[in-house]
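**Q** heads up, no residue letters with this:
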């Protein structure tokens, strides 16, 4: 009976370490990228520079390193990453997952490349 308890306890410990390892792997930049909950285009500055802002809601699965900041193409235009900022949830209530009261929201801001 003692051997069976030891084997079961060992299995539980191995599973716990595997789950912790998998969770840590998902939080690394090489893991799955976070998915935006909202995105908007807008103009800024004297020359009406076109920008795009993507809002990400972070959780225990995603940390700030999981937010994609690579340049991307949208409708034939290239966008370059210019900054990451924490934002309030004001006005974003319809897009917040799980009805969180104080979600960790970050905006990745991109600027369109001038032709």
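**A** Arrived safely. Since the model is a prediction, treat every value here as computed from it, not as a measurement.
**Q** what about the strands in this structure?
**A** Secondary structure of the chain (DSSP state E): strands located at 38-44, 49-58, 72-74, 77-87, 104-112.
**Q** Specify the stretch among those strands that is closest to residue 96.
**A** strand 49-58 (6.2 Å; C-beta to C-beta). Where C-beta positions appear, they are placed from N, C-alpha and C, glycine not excepted.
**Q** Note down every partner strand of the closest one and its orientation.
**A** With DSSP bridges as the test, strand 49-58 is paired with strand 38-44 (antiparallel), strand 104-112 (antiparallel).
**Q** Nearest to residue 55, out of those strands?
**A** Here strand 38-44 is closest among the strands paired with strand 49-58 (C-beta to C-beta), at 4.2 Å.
**Q** ok, residues contacting the closest one?
**A** With contact meaning C-beta atoms under 8 Å, 6 or more residues apart in numbering, strand 38-44 is reached by 49-55, 92, 95.
**Q** Perfect, I'm done here.
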